[in-house]
Structure formats: C-alpha cells, structure tokens
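Visitor: Structure here, sequence nowhere to be found:
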C-alpha cells in the first residue's frame, strides 16, 4: 500500500505566461507557493476476489475490468502510461476541486508518485512534474499552463521561469522571518464557486490575442518587481500587496471569463475594508480569493467577508511525498475472469 501527500498551490504573479503557446515565443515566469492543504492518494493492488479488477474512489466510485472503460481521463491515461493494473485507488483532499489551487495537477503528481512507489521505483521531482504536464496537456488534451504540476512536485515559494528550452525552478531567497510575515498578511476566502480550469483557459484564449499578449507581458514584468520586494529586506513588504492589486487588474483584462460581477463585488468589498491588494487564485471564474492585509485591518476584512469561508494556511516546502510505503508483490496475469 502507498499513501502520497501532495500540496496545493497559490500563484501570486505571472499566471498565464506559463502557457506553452505563450512562453515558446515570449518569456514566461510565475511566483507561487505551496501551502499546508493537500490531496492524498492511497493506492494498493486489488485482491483477486472480486468480479472487477480496478476500483477507483474519488467524487464517484468506478469498478471496471478493462482500463479502457475508466471514465476519469487522468486516472485512465496515467494507468496506461505506467502500465498499472488491478489497483484500488482512493482520492481525498483538504479543499474542493476546481477551485483555482491547482487541484487537478496536484492529483496528477500525487497519483504518478504513488504509482511509481507501488512499482518500487523512485523518481525525482522534475520527472514527476514533466510526466504530469505530459499527462494533462498531451494525453488528456486539457488546456492550461505548466506551473501547477511543477509547484505540486517541487513545493515551496519559488520563481519558475519558462522559455523555449523548458523551465527552471528558482527558490525565492527570503529570510524565514520575512517569509512568515508575508504568510501572516495573506488572507484566503472561498467564494463558493467552482469551475473547470481548462474550460476557462480555452474561453480566455479566444480573441483579443494582441491585447492579451500586451497584458501578459506587463504581468511578466511584475514577477521581477515582486521578487525584488520579497528578496530586498529594506523594501516595505506592503508593496507586495499593492503589486497584487496591479496584477489582478491586468489579469481581468486577459479574458472575458476571468471574473464575474459577483467576484468583482467581493474583491471591492475586501479592498474597502482595508486590503492593500489581492486576486482570484487560478484561471478565473471562481474558487478562492486571496488578500494582502495589514495586521490592523485583518479583523475588519474578515467581518466584511463574513459570508465567505475563511481558510487559514501556512506555507509549506516539501512538495509531493510518500507518507506511507508498504511493498507489495504483484504478478500480472494475461486474462481476467
């Protein structure tokens, strides 16, 4: 039996520049962090007592004898990719899916990590990220960027650069005390709305390509500015919040599905209550709002957003990992009764 733990991520700056069709022609970069909310994948070989060979438990339960009959595209393609057979897989998570925190990519990374462990193989974080990108973007043909898979695999507060030759992960050089202050000034709220990231990305990629590229170019520039704020101990950390407000205003212009009237009203409510800046996490359309709030205004902001669920969190640095490992012997059979 294998149990993996894989964190969710929040992206602060540069989202959209991690799309392959953008960074292959332009420079791309994001600043993101993982935090202490996770998905858990439990995988073991299924005993041969049942009239099905594979059992999957996520938001639905599937029991099949043929991998091709699996309805969940990520699981089906991952099992085919790594030649997995006769398994029982269970998925659990601390936060809901389709909420702008890279949940599907965390699931993909954690599942691949679990599959390799069940085979008795160790794979490094880059391999897991690369294969999760291939799984989601190529095999499942889902529209989206690369940052989520990389963040889930590597973990931590990083700048991730993208270009024609691929990507590089650069940890943000920041003192533990300054990083903790940043964490303490960020407040996250669940809007109650969920959506499919791939659908939002597809809708936003249609039309207005010239204007969109202009906004994305400026969002890339903000990655540099935000990194300077984080790494320069003499710079007021509150500038990070003001830059969040700037990047959110740009992000809203990159597609018609990024925000809604309700989300705009919620954001303005938080700003009026004292937040210096914030953004909707993920591709847009719903999910989680994050605000940068000075200490003296945090209770006011919490009261202003009292109809939303407040989610405290702590940054984490580990990325995906195997929590439990118990080796299993498995011999593939050529037929199933």
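Guide: Done, it's in. Source: prediction; values computed, not measured.
Visitor: Name the residues of the longest helix belonging to the chain that come out as buried.
Guide: If you go by DSSP state H, the chain has its longest helix at helix 209-231. When burial is assessed from 16 or more other C-beta atoms under 10 Å, helix 209-231 yields the following buried residues: 212-213, 215-216, 219-223, 226-227, 229-230. Any C-beta I mention is one placed from the backbone N, CA and C, and that applies to glycine too.
Visitor: got CSV for those, with distance to residue 49 too?
Guide: Output for the buried residues of helix 209-231, formatted as CSV (distance: C-beta to C-beta, whole Å):
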residue, distance to residue 49
212, 55
213, 57
215, 57
216, 54
219, 54
220, 55
221, 60
222, 57
223, 54
226, 55
227, 55
229, 59
230, 55
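Visitor: Output those residues as JSON lines; include the columns pLDDT and distance to residue 181.
Guide: Below are these laid out as JSON lines (pLDDT from 0 to 100; distance: C-beta to C-beta, whole Å):
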{"residue": "212", "pLDDT": "83", "distance to residue 181": "34"}
{"residue": "213", "pLDDT": "87", "distance to residue 181": "35"}
{"residue": "215", "pLDDT": "92", "distance to residue 181": "30"}
{"residue": "216", "pLDDT": "93", "distance to residue 181": "30"}
{"residue": "219", "pLDDT": "95", "distance to residue 181": "24"}
{"residue": "220", "pLDDT": "96", "distance to residue 181": "26"}
{"residue": "221", "pLDDT": "95", "distance to residue 181": "25"}
{"residue": "222", "pLDDT": "97", "distance to residue 181": "20"}
{"residue": "223", "pLDDT": "97", "distance to residue 181": "20"}
{"residue": "226", "pLDDT": "98", "distance to residue 181": "15"}
{"residue": "227", "pLDDT": "98", "distance to residue 181": "16"}
{"residue": "229", "pLDDT": "98", "distance to residue 181": "12"}
{"residue": "230", "pLDDT": "98", "distance to residue 181": "11"}
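Visitor: Among those, which one lies nearest to residue 241?
Guide: In terms of C-beta to C-beta, no member of the buried residues of helix 209-231 lies closer to residue 241 than residue 229, at 9.6 Å.
Visitor: got a list of what the closest one touches?
Guide: Taking C-beta atoms under 8 Å, 6 or more residues apart in numbering, we find residue 229 in contact with 235-237, 239-240, 243.
Visitor: Reformat those residues as CSV; add pLDDT and neighbour count.
Guide: Formatted as CSV, the contacts of residue 229 follow (pLDDT from 0 to 100; neighbours: other C-beta atoms under 10 Å):
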residue, pLDDT, neighbour count
235, 97, 13
236, 97, 10
237, 98, 17
239, 98, 18
240, 98, 22
243, 98, 22
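Visitor: which one among these gets closest to residue 188?
Guide: Nearest to residue 188 among these, with distances taken as C-beta to C-beta, is residue 240, at 15.1 Å.
Visitor: And the nearest residue to residue 220 once chain neighbours are set aside, which helix or strand is it part of?
Guide: Leaving out its chain neighbours, the residue that sits closest to residue 220 by C-beta to C-beta, 6 or more residues apart in numbering is residue 17, at 5.0 Å. For residue 17, there is no host helix or strand (DSSP states H and E).
Visitor: SS state for residue 322?
Guide: strand (DSSP: H, G, I helix; E, B strand; the rest coil).
Visitor: quick one: the strands in the stretch 151-300 of the chain?
Guide: 157-163, 166-171, 186-190, 277-280, 288-292 (DSSP state E, counting those that start in this stretch).
Visitor: can you redo these as a markdown table with mean neighbour count and distance to residue 307?
Guide: Shown next, in a markdown table, are the strands of the stretch 151-300 of the chain (neighbours: other C-beta atoms under 10 Å; distance: least, C-beta to C-beta, whole Å):
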| stretch | mean neighbour count | distance to residue 307 |
| --- | --- | --- |
| strand 157-163 | 22 | 30 |
| strand 166-171 | 14 | 37 |
| strand 186-190 | 21 | 9 |
| strand 277-280 | 26 | 17 |
| strand 288-292 | 25 | 12 |
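Visitor: so which of those strands comes closest to residue 60?
Guide: Across the strands of the stretch 151-300 of the chain, closest to residue 60 is strand 186-190 (C-beta to C-beta), at 22.6 Å.
Visitor: If you count contacts, what does that closest one end up packed against?
Guide: Applying 3 or more C-beta pairs under 8 Å, 6 or more residues apart in numbering; DSSP states H and E, we find strand 186-190 packed against strand 288-292, helix 298-304, strand 309-310.
Visitor: List the contacts of the residue most central in space within the chain.
Guide: Taking C-alpha atoms, centre = their mean, the centroid of the chain lies closest to residue 102, which sits 2.0 Å from it. Counting by C-beta under 8 Å, 6+ apart, residue 102 makes contact with 8-9, 11, 147-149, 151-152, 282.
Visitor: Next, the contact list for the closest residue to it other than its chain neighbours, please.
Guide: Using C-beta to C-beta, 6+ apart and skipping residues adjacent in sequence, the residue nearest residue 102 is residue 148, 3.4 Å away. Shown in contact with residue 148 (C-beta under 8 Å, 6+ apart): 9, 102, 104-106.
Visitor: Quick one: mean pLDDT for the helix or strand harbouring residue 148?
Guide: Using DSSP H and E, residue 148 sits in helix 147-154. Helix 147-154 carries an average pLDDT of 98.
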